[in-house]
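A.B. asks: could you look at this predicted model? Sequence included:
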Amino acid sequence: MGTRIVPLALLLLLVGIHAQLWTGRGSVGHVEDMRRQIAAQQAANAQARQANERLAAEVQDLKDGLEMVEEKARSELGMVKPGEIYVHVTPARK
């Protein structure tokens, strides 16, 4: 009778491991589902990265444009920012 217990215990252990492989956490289906979720997240991340790069380029264009407008306003029109004092120095006559 003792010789039948060992094979039976091994068979039950094998069945338990096999059931875990197909139905439990870390099962084949669970791993495949996680792979799909990772692929979807990576695609979403790529789209978000492209949108961020596009927005960063727009911000840089706006900053460059505003700096150019400010420079022209200062040099050609003599405009100053609030709190600044405009000083115009003319060369001395000889």
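C.D. replies: Good, I have the coordinates.
A.B. asks: so how many other residues sit close to Ala39?
C.D. replies: Per other Cβ atoms under 10 Å, the neighbour tally for Ala39 reads 10. Just so you know, the C-beta spots here come from the backbone N, C-alpha and C atoms, and that holds for glycine as well.
A.B. asks: what about Tyr19, distance to Gly26?
C.D. replies: Let me fix one detail, which is that residue 19 is Ala and not Tyr. 12 Å (Cβ to Cβ, to the nearest Å).
A.B. asks: secondary structure class for Val80?
C.D. replies: Recorded secondary structure, Val80: coil (DSSP: H, G, I helix; E, B strand; the rest coil).
A.B. asks: where does the residue lying closest to it once chain neighbours are set aside fall, helix, sheet strand or coil?
C.D. replies: In space, and not counting its chain neighbours, Val80 is closest to Tyr86: 4.7 Å by Cβ to Cβ, 6 or more residues apart in numbering. Here Tyr86 takes the coil state, with states given by three-state DSSP.
A.B. asks: so how far is Met79 from Tyr86?
C.D. replies: Using Cβ to Cβ, Tyr86 is found at 8 Å from Met79.
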